[in-house]
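Colleague: got a predicted model here, sequence first, then my questions.
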Amino acid sequence: MKIAVIGGAGYIGSHTVRELLDRGHEIAVYDNLSSGMEQNLFENASFTKGDILDTYSLNQFLEKEAPEGLVHLAAFKAAGESMTNPEKYSVNNITGSLNILNAACANKVKYIVFSSSAAVYGSPQYMPVDEKHPTSPENYYGYTKLSIENFLQWYDKLRGIRFAALRYFNAAGYDVKGRITGLEKNPANLIPVVMEAAEGKRKEVLVFGNDYDTKDGTGIRDYIHVNDLAIGHGMAFDYLQKTNKSLIVNLGTQSGASVLDIINATEKVSGKKVPYRIVERRPGDPASLIANPAKAKEVLGWEAKYSSIETIIKTTWNAYQANEK
């Protein structure tokens, strides 16, 4: 299948492109390189530099490439920032996504795989969280992801575009074969921040709260290796082609690691000390968030293969070390 990957030079995007190429798909990447990197592009995938807010360029790209499928990975994703700068998230995530949907309709795209988020659930009412869990986002980022899912459902009804919304839990790690080493610019997620502290490039890790009702008082998250996420995208396209039905599904591991678990694992793998400081909780952060991925296994045949904390930390540390050479 010819697939356009919007945001394909980014962290998750580049791993998804690699997986889709390995599955024999023809790939065209569209990215504005605001957070993506040229070193994450592959020679056997075409590349167009463009922005999802530039409707002319977006339409030109889809008209020229004429893809049957599309992956949407072009959203801002810092939950904390979304609470202090909602306008930025409204324009990029909501307006940009509608631009993608409208361009997809105009250019007869049949299938869309959308990178959604566990942030759509908000604080869990029960765990592990399955797809039937109420959606009640506690940060604006999560609200934008849920809004995009709603738009996709309407475009499915009204325009016949079939979609898979993959509700990621915490994406982490780097390619297990070492083929992708381009690091995220200005990372806000915990693991890259811990890596920078271990390398001495960051003074310390800020731990937002140690008074949660968890084993060590710090927040617990379900970390999923980015290779496992990428495989989920490939399986989602197989499902859409085979069934012609849309799908909303969790991609997670049903196990959790605390902030201190991540710091301790990094110290063990790297042999370096990770300085950290406890600060106030962040608004909108649930104490614990763990996925029930049973539906992904049942419907897609997907399960996490690479998502042990040791593999996640080791592959991330290897990517950071590769950039030191």
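Modeller: Now that the structure is in, tell me what you want to look at.
Colleague: any idea how far E87 lies from E149?
Modeller: According to C-beta to C-beta, to the nearest Å, E87 and E149 sit 21 Å apart. Heads up, the C-betas are built off the backbone N, CA and C, glycines and all.
Colleague: more neighbours, these two?
Modeller: Taking neighbours as other C-beta atoms under 10 Å, E87 and E149 compare with E149 leading, 19 against 8.
Colleague: once you drop chain neighbours, what's closest to the more buried one?
Modeller: Spatial nearest neighbour of E149, excluding adjacent residues (C-beta to C-beta, 6 or more residues apart in numbering): A165 at 4.8 Å.
Colleague: contacts only, for E65.
Modeller: E65 sits next to K2, A4, A28, S46, T48 when contact means C-beta atoms under 8 Å, 6 or more residues apart in numbering.
Colleague: coming back round to it: doesn't the residue nearest to E149 belong to a strand?
Modeller: Yes - read with DSSP: H, G, I helix; E, B strand; the rest coil, A165 is one of the residues of a strand.
Colleague: selecting buried members of the contacts of E65 in ChimeraX, what would you type?
Modeller: The ChimeraX command for the buried members of the contacts of E65 (criterion: 16 or more other C-beta atoms under 10 Å) is given here:
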select :4,28,46,48
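Colleague: show me what contacts the residue nearest to E149?
Modeller: Going by C-beta under 8 Å, 6+ apart, A165 touches F114, S116, I148, E149, L152, L247, I248, V249.
Colleague: specify which member of these is nearest to I231.
Modeller: V249 (13.1 Å; C-beta to C-beta).
Colleague: returning to what we had before: what's the closest of the contacts of E65 to L190?
Modeller: Distances from L190 to the contacts of E65, taken by C-beta to C-beta, are shortest for A4, at 30.6 Å.
Colleague: that closest one sits in which helix or strand?
Modeller: Secondary structure assigned from DSSP states H and E places A4 in strand 2-6.
Colleague: toward the C-terminus from that strand, list the very next helix or strand.
Modeller: helix 11-22.
Colleague: of the contacts of A165, which belong to strands?
Modeller: Among the contacts of A165, the residues falling in strands (DSSP state E) are F114, S116, L247, I248, V249.
Colleague: need these in a markdown table (columns: neighbour count, distance to I313 and pLDDT).
Modeller: Output for these, formatted as a markdown table (neighbours: other C-beta atoms under 10 Å; distance: C-beta to C-beta, whole Å; pLDDT from 0 to 100):
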| residue | neighbour count | distance to I313 | pLDDT |
| --- | --- | --- | --- |
| F114 | 24 | 28 | 98 |
| S116 | 25 | 25 | 97 |
| L247 | 19 | 31 | 98 |
| I248 | 18 | 30 | 98 |
| V249 | 24 | 26 | 98 |
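Colleague: adding distance to L70, write the residues you listed out as CSV.
Modeller: Converted to CSV, the ones in strands among the contacts of A165 look like this (distance: C-beta to C-beta, whole Å):
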residue, distance to L70
F114, 9
S116, 15
L247, 15
I248, 17
V249, 18
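Colleague: coming back round to it: beta partners for the residue nearest to E149?
Modeller: F114, I248 (DSSP bridges).
Colleague: distance of it from V249?
Modeller: A165 is 7 Å from V249, by C-beta to C-beta.
Colleague: again, but for N44
Modeller: Separation of N44 from V249 (C-beta to C-beta): 29 Å.
Colleague: ok, now F42?
Modeller: Per C-beta to C-beta, F42 is found 27 Å from V249.
Colleague: same check, this time on S14
Modeller: 22 Å.
Colleague: setting aside sequence neighbours, what's the nearest residue to E267?
Modeller: V274 is the one closest to E267 (C-beta to C-beta, 6+ apart), at 5.5 Å.
Colleague: now do the strand holding A4: distance to the chain's middle.
Modeller: Taking C-alpha atoms, centre = their mean, to the nearest Å, the mean C-alpha location of strand 2-6 is offset from the chain mean by 16 Å.
Colleague: and stretch 277-291, by the same measure?
Modeller: For stretch 277-291 - counting by C-alpha atoms, centre = their mean - the centre lies 19 Å from the chain centre.
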